[in-house]
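Asks: Provided below are the primary sequence and the corresponding predicted coordinates.
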Amino acid sequence: MKEILLIIILQLIYVPIFTLRTIFVVKGMSVIAAQLAVIEGLVYVFGLSIVLSGNPSTIAMFVYAVGFGIGILLGAYVERKLAIGYTSLIVNLERKNEELISFLRNEGFGVTVFEGEGKESKRYQLELLTKRSREDELMNLIEEYEPKAFIISYEPRKFKGGFLVKAMKRTRRKKEIDKE
């Protein structure tokens, strides 16, 4: 029974680390990914050696697989909580909502407004870039002001210049000054 419990615990450590390592690789954070890979490798080899040592039981292999599935859920949960990176939102509106635009800007969101032609009338599009940790907050704010808004959210791979990049540089400089 101790063996089964140990297998589940190892899977609940291994798979979330595997998930996070993969995400860090995709986001270009290779040093952190390499550090996690070392831990991941050790846990993997240790767990697999327990499952395959001596006479591997069907129960141990099944528990290993179930632990893997639960570990995926745990890893996804941890990744959502960390909310690493940025998200870009495109918000399509039927009318230009100046109140919403001003409110979002006052809350620290960079907002670019475009005017376009829909099938029947003019449409307005807001383009926003924010930290992923604020995506839900931003979606809720938009929903509050514009319940009929059509919103597309995606993760940009790279970006350069603009309001958010300037704000990040100011924050980085402030942190460097505070360290001195």
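Replies: That came through, no problem.
Asks: quick one: the strands in this protein?
Replies: Secondary structure of the chain (DSSP state E): strands located at 86-93, 110-117, 122-131, 150-154.
Asks: buried residues in the shortest one?
Replies: Of the residues in strand 150-154, those scored as buried under the neighbour-count criterion (16 or more other CB atoms under 10 Å) are residue 151. Quick note: C-beta positions are derived from backbone N, CA and C, even for glycine.
Asks: return the alpha-carbon coordinates of it using PDB.
Replies: Below are the C-alpha coordinates for strand 150-154, written out as PDB (Å, rounded to 0.1, in the frame of the first residue of the first chain):
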ATOM      1  CA  PHE A 150     -17.800  40.100 -28.800                       C
ATOM      2  CA  ILE A 151     -14.400  39.400 -27.200                       C
ATOM      3  CA  ILE A 152     -11.500  37.400 -28.600                       C
ATOM      4  CA  SER A 153      -8.600  36.600 -26.300                       C
ATOM      5  CA  TYR A 154      -5.200  35.200 -27.300                       C
END
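Asks: the inter-axis angle of it versus strand 86-93?
Replies: 160 degrees (axes from the mean of the first three to the mean of the last three CA atoms, to 10 degrees).
Asks: okay, now the sheet partners of strand 150-154, with direction.
Replies: Looking at strand 150-154 with DSSP bridges, its partner strands are strand 86-93 (antiparallel).
Asks: in JSON lines, list the strands of the chain along with distance to residue 51.
Replies: Below are those laid out as JSON lines (distance: least, CB to CB, whole Å):
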{"stretch": "strand 86-93", "distance to residue 51": "39"}
{"stretch": "strand 110-117", "distance to residue 51": "50"}
{"stretch": "strand 122-131", "distance to residue 51": "40"}
{"stretch": "strand 150-154", "distance to residue 51": "39"}
